[in-house]
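[1] Pasting the sequence and the predicted model now:
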Amino acid sequence: MTLDTKVDSTAMWIDDNPLSISETVRLVRQQGALTRLVQEWVLEKTVSHIDINQEKLDELLNEFRTNNQLVSDEAYSDHLQKRHIDEKLLLRMLARPYQIIKYREDRWGPFAQSLYLKNKEQFDFVSYQRLESSDSDVMQEIYFRLKDGEESWDGLARQFPGAAADATARRGPIPVSEVEEPVLNALRQNEPGRISRPIQVGSQVIVVALEQFQPTPFGEEVRKTILRQAFNEWASQECSKMLNKIRFPE
(Lines give C-alpha, C1' and ligand atoms only; values in the text may rest on other atoms or scores of the structure.)
Protein backbone atom coordinates (compact mmCIF):
# COMPACT_ATOMS: atom_id res chain seq x y z
CA MET A 1 0.00 0.00 0.00
CA THR A 2 1.29 3.51 -0.83
CA LEU A 3 0.05 6.95 0.01
CA ASP A 4 -0.63 9.18 -2.99
CA THR A 5 -0.17 12.84 -2.17
CA LYS A 6 1.11 15.90 -3.99
CA VAL A 7 1.80 17.90 -0.83
CA ASP A 8 5.53 18.54 -0.34
CA SER A 9 6.36 21.75 1.48
CA THR A 10 9.80 23.01 2.48
CA ALA A 11 11.31 21.42 5.57
CA MET A 12 14.29 23.82 5.90
CA TRP A 13 16.69 26.01 3.96
CA ILE A 14 20.41 25.37 3.55
CA ASP A 15 21.89 28.72 2.57
CA ASP A 16 19.22 29.93 0.13
CA ASN A 17 18.37 26.45 -1.06
CA PRO A 18 15.02 25.00 0.07
CA LEU A 19 15.06 21.40 1.22
CA SER A 20 11.70 19.73 0.72
CA ILE A 21 10.12 17.26 3.10
CA SER A 22 10.45 14.45 0.57
CA GLU A 23 14.12 15.20 0.01
CA THR A 24 14.72 15.35 3.76
CA VAL A 25 13.10 11.94 4.18
CA ARG A 26 15.17 10.57 1.30
CA LEU A 27 18.37 11.76 2.95
CA VAL A 28 17.31 10.26 6.28
CA ARG A 29 16.71 6.91 4.57
CA GLN A 30 19.91 7.20 2.57
CA GLN A 31 21.97 7.73 5.72
CA GLY A 32 20.35 4.74 7.48
CA ALA A 33 18.88 7.06 10.11
CA LEU A 34 15.26 5.98 9.74
CA THR A 35 15.35 3.68 12.78
CA ARG A 36 16.66 6.48 14.99
CA LEU A 37 13.98 8.81 13.64
CA VAL A 38 11.23 6.31 14.43
CA GLN A 39 12.67 5.72 17.92
CA GLU A 40 12.54 9.46 18.57
CA TRP A 41 9.00 9.67 17.18
CA VAL A 42 7.82 6.82 19.44
CA LEU A 43 9.34 8.48 22.52
CA GLU A 44 7.88 11.87 21.58
CA LYS A 45 4.44 10.36 21.05
CA THR A 46 4.66 8.45 24.34
CA VAL A 47 5.98 10.98 26.86
CA SER A 48 5.49 14.48 25.42
CA HIS A 49 2.20 14.88 27.31
CA ILE A 50 3.93 14.39 30.69
CA ASP A 51 4.38 17.79 32.33
CA ILE A 52 7.57 18.88 34.04
CA ASN A 53 6.94 21.87 36.30
CA GLN A 54 8.58 25.19 35.57
CA GLU A 55 10.74 25.07 38.68
CA LYS A 56 12.30 21.80 37.51
CA LEU A 57 12.79 23.15 33.99
CA ASP A 58 14.56 26.22 35.37
CA GLU A 59 16.77 23.96 37.47
CA LEU A 60 17.63 21.80 34.44
CA LEU A 61 18.42 24.84 32.31
CA ASN A 62 20.67 26.38 34.97
CA GLU A 63 22.45 23.06 35.40
CA PHE A 64 22.91 22.75 31.64
CA ARG A 65 24.38 26.23 31.35
CA THR A 66 26.71 25.63 34.28
CA ASN A 67 27.92 22.26 33.00
CA ASN A 68 28.58 23.72 29.55
CA GLN A 69 30.17 26.91 30.92
CA LEU A 70 27.51 29.08 29.29
CA VAL A 71 27.52 31.76 31.97
CA SER A 72 26.87 34.75 29.72
CA ASP A 73 23.73 35.12 27.65
CA GLU A 74 25.92 35.69 24.61
CA ALA A 75 27.72 32.36 25.07
CA TYR A 76 24.38 30.64 25.66
CA SER A 77 22.80 32.10 22.49
CA ASP A 78 25.87 31.20 20.47
CA HIS A 79 25.70 27.63 21.74
CA LEU A 80 22.05 27.30 20.74
CA GLN A 81 22.75 28.74 17.32
CA LYS A 82 25.61 26.30 16.69
CA ARG A 83 23.34 23.39 17.60
CA HIS A 84 20.52 24.77 15.42
CA ILE A 85 18.02 24.76 18.29
CA ASP A 86 16.19 27.34 20.35
CA GLU A 87 15.50 27.41 24.08
CA LYS A 88 12.07 25.85 23.67
CA LEU A 89 13.56 22.81 21.94
CA LEU A 90 16.43 22.63 24.42
CA LEU A 91 13.97 22.49 27.31
CA ARG A 92 12.11 19.65 25.59
CA MET A 93 15.41 17.78 25.28
CA LEU A 94 16.35 18.41 28.91
CA ALA A 95 12.91 17.32 30.11
CA ARG A 96 12.89 14.07 28.13
CA PRO A 97 14.83 11.86 30.63
CA TYR A 98 12.52 12.93 33.46
CA GLN A 99 9.42 12.33 31.36
CA ILE A 100 10.69 8.81 30.63
CA ILE A 101 11.32 8.16 34.34
CA LYS A 102 7.80 9.34 35.16
CA TYR A 103 6.27 7.24 32.39
CA ARG A 104 8.02 4.02 33.36
CA GLU A 105 7.23 4.64 37.03
CA ASP A 106 3.54 5.11 36.25
CA ARG A 107 3.34 2.12 33.92
CA TRP A 108 5.58 -0.50 35.54
CA GLY A 109 6.23 0.82 39.04
CA PRO A 110 3.28 -0.98 40.68
CA PHE A 111 4.51 -4.31 39.24
CA ALA A 112 8.24 -3.92 39.91
CA GLN A 113 8.41 -6.44 42.74
CA SER A 114 6.42 -9.01 40.75
CA LEU A 115 8.83 -8.56 37.84
CA TYR A 116 11.73 -9.04 40.24
CA LEU A 117 10.31 -12.28 41.63
CA LYS A 118 9.68 -13.55 38.11
CA ASN A 119 13.23 -12.77 36.93
CA LYS A 120 15.29 -12.60 40.13
CA GLU A 121 18.11 -14.79 38.74
CA GLN A 122 18.92 -11.96 36.30
CA PHE A 123 20.07 -9.85 39.25
CA ASP A 124 22.38 -12.41 40.84
CA PHE A 125 26.08 -11.81 41.36
CA VAL A 126 28.48 -14.66 40.64
CA SER A 127 31.98 -15.58 41.76
CA TYR A 128 33.86 -18.15 39.71
CA GLN A 129 37.21 -19.36 38.40
CA ARG A 130 38.01 -18.73 34.75
CA LEU A 131 40.84 -19.39 32.29
CA GLU A 132 40.69 -18.80 28.57
CA SER A 133 42.75 -18.91 25.40
CA SER A 134 42.24 -18.93 21.65
CA ASP A 135 44.18 -22.24 21.54
CA SER A 136 41.69 -25.09 22.02
CA ASP A 137 44.46 -27.67 22.55
CA VAL A 138 45.94 -25.62 25.39
CA MET A 139 42.54 -25.28 27.05
CA GLN A 140 41.84 -28.99 26.69
CA GLU A 141 45.13 -29.68 28.47
CA ILE A 142 44.28 -27.12 31.18
CA TYR A 143 40.89 -28.74 31.68
CA PHE A 144 42.44 -32.15 32.36
CA ARG A 145 45.13 -30.71 34.64
CA LEU A 146 42.50 -28.98 36.73
CA LYS A 147 40.17 -31.96 36.68
CA ASP A 148 42.95 -34.33 37.81
CA GLY A 149 44.14 -31.89 40.47
CA GLU A 150 47.61 -31.59 38.96
CA GLU A 151 47.68 -27.78 39.17
CA SER A 152 45.74 -24.93 40.73
CA TRP A 153 43.70 -22.28 38.95
CA ASP A 154 45.99 -19.44 40.01
CA GLY A 155 49.10 -21.48 39.26
CA LEU A 156 47.91 -21.99 35.69
CA ALA A 157 46.81 -18.35 35.38
CA ARG A 158 50.42 -17.27 36.09
CA GLN A 159 51.75 -19.49 33.31
CA PHE A 160 49.96 -17.58 30.55
CA PRO A 161 52.25 -15.37 28.40
CA GLY A 162 52.56 -11.92 29.92
CA ALA A 163 50.75 -12.90 33.13
CA ALA A 164 51.68 -11.03 36.32
CA ALA A 165 53.30 -12.86 39.20
CA ASP A 166 50.13 -12.43 41.23
CA ALA A 167 47.69 -13.29 38.40
CA THR A 168 44.52 -15.04 39.50
CA ALA A 169 41.79 -17.00 37.75
CA ARG A 170 39.11 -15.77 40.15
CA ARG A 171 36.34 -13.52 38.86
CA GLY A 172 33.75 -11.72 40.90
CA PRO A 173 31.52 -11.20 42.51
CA ILE A 174 30.17 -9.62 39.31
CA PRO A 175 26.63 -9.20 37.91
CA VAL A 176 25.54 -12.23 35.90
CA SER A 177 24.69 -9.81 33.07
CA GLU A 178 28.45 -9.38 32.52
CA VAL A 179 29.01 -13.09 31.90
CA GLU A 180 28.62 -14.58 28.40
CA GLU A 181 25.44 -16.64 28.10
CA PRO A 182 27.19 -20.00 27.34
CA VAL A 183 29.50 -19.50 30.31
CA LEU A 184 26.64 -18.50 32.59
CA ASN A 185 24.63 -21.55 31.53
CA ALA A 186 27.57 -23.81 32.39
CA LEU A 187 27.95 -22.17 35.80
CA ARG A 188 24.26 -22.56 36.57
CA GLN A 189 24.31 -26.22 35.58
CA ASN A 190 27.35 -27.17 37.66
CA GLU A 191 27.81 -27.63 41.37
CA PRO A 192 30.36 -25.33 43.08
CA GLY A 193 33.89 -26.47 42.36
CA ARG A 194 32.99 -28.68 39.42
CA ILE A 195 35.10 -27.85 36.37
CA SER A 196 33.24 -27.29 33.14
CA ARG A 197 34.34 -28.77 29.86
CA PRO A 198 35.93 -26.17 27.53
CA ILE A 199 33.35 -23.70 26.20
CA GLN A 200 33.78 -22.00 22.83
CA VAL A 201 32.75 -18.32 22.90
CA GLY A 202 33.72 -16.50 19.74
CA SER A 203 37.44 -16.99 19.22
CA GLN A 204 38.06 -17.95 22.85
CA VAL A 205 37.92 -21.32 24.58
CA ILE A 206 37.00 -20.98 28.25
CA VAL A 207 37.17 -23.28 31.26
CA VAL A 208 35.27 -22.27 34.39
CA ALA A 209 34.23 -23.51 37.81
CA LEU A 210 31.54 -21.99 40.00
CA GLU A 211 32.27 -20.65 43.46
CA GLN A 212 28.85 -19.23 44.31
CA PHE A 213 25.85 -17.25 43.19
CA GLN A 214 24.75 -14.39 45.43
CA PRO A 215 21.13 -13.25 45.08
CA THR A 216 20.52 -9.51 45.08
CA PRO A 217 17.67 -8.45 47.37
CA PHE A 218 14.90 -6.26 46.02
CA GLY A 219 15.92 -2.67 46.71
CA GLU A 220 15.78 0.75 45.10
CA GLU A 221 18.64 0.15 42.66
CA VAL A 222 17.22 -3.19 41.54
CA ARG A 223 13.82 -1.56 41.22
CA LYS A 224 15.21 1.17 38.97
CA THR A 225 16.96 -1.44 36.84
CA ILE A 226 13.74 -3.43 36.45
CA LEU A 227 11.78 -0.36 35.35
CA ARG A 228 14.52 0.67 32.94
CA GLN A 229 14.65 -2.81 31.41
CA ALA A 230 10.87 -2.99 31.09
CA PHE A 231 10.75 0.39 29.35
CA ASN A 232 13.67 -0.40 27.00
CA GLU A 233 12.11 -3.72 26.01
CA TRP A 234 8.76 -2.08 25.36
CA ALA A 235 10.35 0.78 23.39
CA SER A 236 12.34 -1.65 21.24
CA GLN A 237 9.24 -3.69 20.43
CA GLU A 238 7.19 -0.57 19.70
CA CYS A 239 9.86 0.80 17.36
CA SER A 240 10.07 -2.50 15.48
CA LYS A 241 6.31 -2.52 15.12
CA MET A 242 6.24 1.05 13.80
CA LEU A 243 9.11 0.41 11.38
CA ASN A 244 7.07 -2.39 9.86
CA LYS A 245 4.17 0.02 9.34
CA ILE A 246 6.09 2.75 7.52
CA ARG A 247 4.74 3.76 4.11
CA PHE A 248 6.20 6.30 1.70
CA PRO A 249 4.29 8.38 -0.86
CA GLU A 250 5.24 7.87 -4.49
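    Looks like it arrived, so ask away.
[2] in the chain, which spans are helices?
    21-30, 34-47, 54-67, 73-83, 87-108, 112-118, 136-147, 153-157, 181-189, 220-243 (DSSP state H).
[3] Show me how far the third one is from its chain's centre.
    Distance of helix 54-67 from its chain centroid, counting by CA atoms, centre = their mean, to the nearest Å, is 26 Å.
[4] Run through the neighbouring helices and strands of it.
    When contacts are defined as 3 or more CB pairs under 8 Å, 6 or more residues apart in numbering; DSSP states H and E, helix 54-67 sits against helix 87-108. In short, each C-beta sits where N, CA and C put it, glycine included.
[5] how does it look with 6 Å?
    Counting contacts by 3 or more CB pairs under 6 Å, 6 or more residues apart in numbering; DSSP states H and E, helix 54-67 packs against no other helix or strand.
[6] contact partners of the lengthiest strand in the chain?
    Of all the elements of type strand in the chain, the one with the most residues (DSSP state E) is strand 204-214. Residues from elsewhere that reach strand 204-214, judged by CB atoms under 6 Å, 6 or more residues apart in numbering: 124-132, 134, 136, 139, 142-143, 173, 183, 187, 190, 192-193, 195-196, 198-199.
[7] closest to Ser9 out of the helices of the chain?
    Nearest to Ser9, of all the helices of the chain, is helix 21-30, at 6.1 Å by CB to CB.
[8] I'd like the average pLDDT over the closest one.
    Averaged across helix 21-30, pLDDT comes to 91.
[9] repeat for stretch 44-63
    On average, the pLDDT along stretch 44-63 is 95.
[10] any idea how far Gln129 lies from Ala163?
    15 Å (CB to CB, to the nearest Å).
[11] How about Val47?
    From Val47 over to Ala163 (counting by CB to CB), the distance is 50 Å.
[12] try Asn67
    42 Å.
[13] same deal with Thr46?
    50 Å.
[14] Look at those two and report which has more neighbours.
    Thr46 (17 against 12; other CB atoms under 10 Å).
[15] Chain neighbours aside, what residue packs nearest to that one?
    Tyr103 (6.4 Å; CB to CB, 6 or more residues apart in numbering).
[16] How many neighbouring residues does the one you found have?
    Tyr103: 18 neighbours (other CB under 10 Å).
[17] and what of Ala169?
    Neighbourhood size, Ala169 [other CB under 10 Å]: 22.
[18] Give me the pLDDT for the residue lying farthest from the centre of the chain.
    Within the chain, the residue lying farthest from the chain centre (CA atoms, centre = their mean) is Glu150, at 42.0 Å. For Glu150, the pLDDT comes out at 92.
[19] Kindly provide the distance from the nearest residue to it once chain neighbours are set aside to Lys88.
    Closest residue to Glu150 apart from its sequence neighbours, by CB to CB, 6+ apart: Phe144 at 8.0 Å. The gap separating Phe144 from Lys88 is 68 Å, by CB to CB.
[20] Same check on Phe111?
    Taking CB to CB, one finds Phe111 at 35 Å from Lys88.
[21] out of these two, which sits in the more crowded spot?
    Per other CB under 10 Å, whichever of Phe111 and Lys88 has more neighbours is Phe111, with 13 against 7.
[22] Run a quick neighbour tally on the spatially closest residue to Tyr143 that is not a sequence neighbour.
    Spatial nearest neighbour of Tyr143, excluding adjacent residues (CB to CB, 6+ apart): Val207 at 5.1 Å. For Val207, the neighbour count with other CB under 10 Å is 27.
[23] Can you read off the pLDDT for Val207?
    Value listed for Val207 in the pLDDT field: 97.
[24] who does it bridge with?
    Leu131 (DSSP bridges).
[25] Perfect, that will be all.
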